[in-house]
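>>> Next comes the sequence, and after it the predicted model I'd like to discuss.
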Amino acid sequence: GEVSDEARRASLGAMTNLMCRGRKRGLAGVIATQRLAKLAKNVAAEASNFLMGRTFLDIDMARAADLLGMERRQAEAFRDLERGNFVALGPALCRRPMTIRVGNVETASRSAGPVLAPFSPPTEQVAELILAPLPEPELIARPRRTTPPPPDLLTQLATHGEALAEAAPQAEDIDPAERRQQLAALLREVIDEDDGGFRPPASLYQDFLVRCRIAGLGREALDMRSFRRALATARSGTTPEAAETPEWQEAEAIASTLPEDMQPVFLYLARAALDGRTCPPDRDIARIYGTHSTGRARRMLGWLEEQNIIVLRLDGAGRRRAAIIGPGWETLPGDPGL
């Protein structure tokens, strides 16, 4: 039935307890089911006498034959049982499976249940009423609509977007250098937030677009690919003026051959080498990558060295140097564990 699992487990536990422990208290369970496969095995195993009626499914016939100790080829006999015939087994019935017939029911129920009345053919008048054709439905004239329907939601949104685009300043009216400075400033605001260094690029991109719309730079100031490259440049600490130098253009060309998640780390090392600073520690490299694990930072440096992008060297004091292969830029020795 449609009951909860807790009620089903409780009723099954009570029935199993009755069948297993009821005999010492003078109680015996009489189980009746329409299908043997629905009956729990713990309940059926405690019964002593069995009456198997007619069944058709293979799984039900096989289970009934196994329960009565019959062979599998004898299970087909359950399909041929007549009404009121059962295969019986048990100390109260017989020691071996045999077919018995249950007599007619002599008692009746006290409750007055519904009784089906015998079918009586309809009279001529009822037949004519049933077979009479349906009247034609009366058509109601509806007034025609003179005004056009209002535009749907998508059309309204598109019209609103066009109006905002016309009201916003055009991209050609803004100086390119000033536009790059504004984009760099907005990107720096996104990164300088409390969790900006550890948020995924997709989340940072949505925040960046919202700030661009507030600043009047349009809905699509940068696409996702350009944003990732600008994000890698901003995390490396490069200023907009330094990003225009030939050395940095060469560093970005090398970074373009790397996976997108490795580009900020390489550009961070390249910026440190160009500025003549010490080699960044593992903690700073992990922050640029967007993680707190210094072990992952060391693995990223090892991967860059395996790809012949950088060369790492340790001096006698355990300080680390990072050199960029190709341009030959090299950082000053720094403690990797700071």
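That came through, no problem. Residues are numbered from 1 along each chain as shown.

>>> Mind giving me the packing neighbours of the longest strand seen in the chain?
Taking DSSP state E as the criterion, the chain has its longest strand at strand 94-101. Counting contacts by 3 or more Cβ pairs under 8 Å, 6 or more residues apart in numbering; DSSP states H and E, strand 94-101 packs against strand 85-90. C-betas here are computed from N, CA, C, even on glycine.

>>> residues in contact with the longest strand of the chain?
If you take Cβ atoms under 8 Å, 6 or more residues apart in numbering as the criterion, strand 94-101 is touched by 51, 68-70, 77, 81-82, 84-89, 93.

>>> I'd like the residues you listed written out as a markdown table, with distance to Ala10, neighbour count and pLDDT added.
Putting those into a markdown table (distance: Cβ to Cβ, whole Å; neighbours: other Cβ atoms under 10 Å; pLDDT from 0 to 100) gives the following:
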| residue | distance to Ala10 | neighbour count | pLDDT |
| --- | --- | --- | --- |
| Leu51 | 28 | 14 | 89 |
| Leu68 | 31 | 19 | 83 |
| Gly69 | 33 | 10 | 82 |
| Met70 | 34 | 20 | 84 |
| Ala77 | 37 | 17 | 83 |
| Leu81 | 35 | 16 | 87 |
| Glu82 | 39 | 8 | 87 |
| Gly84 | 35 | 13 | 87 |
| Asn85 | 36 | 16 | 90 |
| Phe86 | 31 | 18 | 90 |
| Val87 | 33 | 23 | 89 |
| Ala88 | 32 | 20 | 90 |
| Leu89 | 31 | 21 | 89 |
| Leu93 | 32 | 16 | 86 |
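
>>> quick one on the thing from earlier: dump the helix or strand just after the longest strand of the chain to CSV, restricted to CA.
Going down the chain from strand 94-101, the next helix or strand is helix 124-131, by DSSP states H and E. Written as CSV, here are the backbone C-alpha positions of helix 124-131 (Å, rounded to 0.1, in the frame of the first residue of the first chain):
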residue,chain,number,x,y,z
GLU,A,124,-36.6,1.1,-27.0
GLN,A,125,-37.0,4.6,-25.6
VAL,A,126,-33.5,4.4,-23.8
ALA,A,127,-31.9,3.1,-27.0
GLU,A,128,-33.4,6.0,-29.1
LEU,A,129,-32.2,8.5,-26.5
ILE,A,130,-28.6,7.1,-26.5
LEU,A,131,-28.4,6.9,-30.3
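
>>> so where's the stretch 51-200 of the chain uncertain?
111-114, 121-124, 139-147, 149-151, 153-154, 157-158, 160-177, 192-198 (pLDDT under 70).

>>> tell me the secondary structure for Arg321?
strand (DSSP: H, G, I helix; E, B strand; the rest coil).

>>> Verify the contact between Gly22 and Ala28 for me.
Yes: using Cβ atoms under 8 Å, Gly22 is in contact with Ala28, at 6.5 Å.

>>> Figure out the helix or strand that Thr233 lives in.
Per DSSP H and E: helix 224-235 holds Thr233.

>>> List the buried residues in the helix or strand following that helix.
Next along the chain after helix 224-235, taking DSSP H and E as the criterion, comes helix 246-255. The neighbour-count check on helix 246-255 (16 or more other Cβ atoms under 10 Å) flags Trp248, Ala251, Glu252, Ile254, Ala255 as buried.

>>> tell me what helix 246-255 is packed against?
Helix 246-255 packs on helix 224-235, helix 263-275, going by 3+ Cβ pairs under 8 Å, 6+ apart.

>>> how far does the very next helix or strand once past the longest one sit from the chain's center?
Yep, that's helix 263-275 we're talking about. Beyond helix 263-275 on the C-terminal side, the first helix or strand identified by DSSP H and E is helix 282-289. Chain-centre distance of helix 282-289: 32 Å, with Cα atoms, centre = their mean, to the nearest Å.

>>> Send me helix 282-289 as PDB with only the CA atoms.
Provided in PDB are the C-alpha atoms of helix 282-289 (Å, rounded to 0.1, in the frame of the first residue of the first chain):
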ATOM      1  CA  ASP A 282      55.700  29.100  -2.800                       C
ATOM      2  CA  ARG A 283      52.900  30.900  -0.800                       C
ATOM      3  CA  ASP A 284      52.700  33.800  -3.300                       C
ATOM      4  CA  ILE A 285      52.800  31.500  -6.300                       C
ATOM      5  CA  ALA A 286      49.900  29.500  -4.800                       C
ATOM      6  CA  ARG A 287      47.900  32.700  -4.300                       C
ATOM      7  CA  ILE A 288      48.400  33.700  -7.900                       C
ATOM      8  CA  TYR A 289      47.200  30.300  -9.000                       C
END
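
>>> I appreciate the help and will end here.
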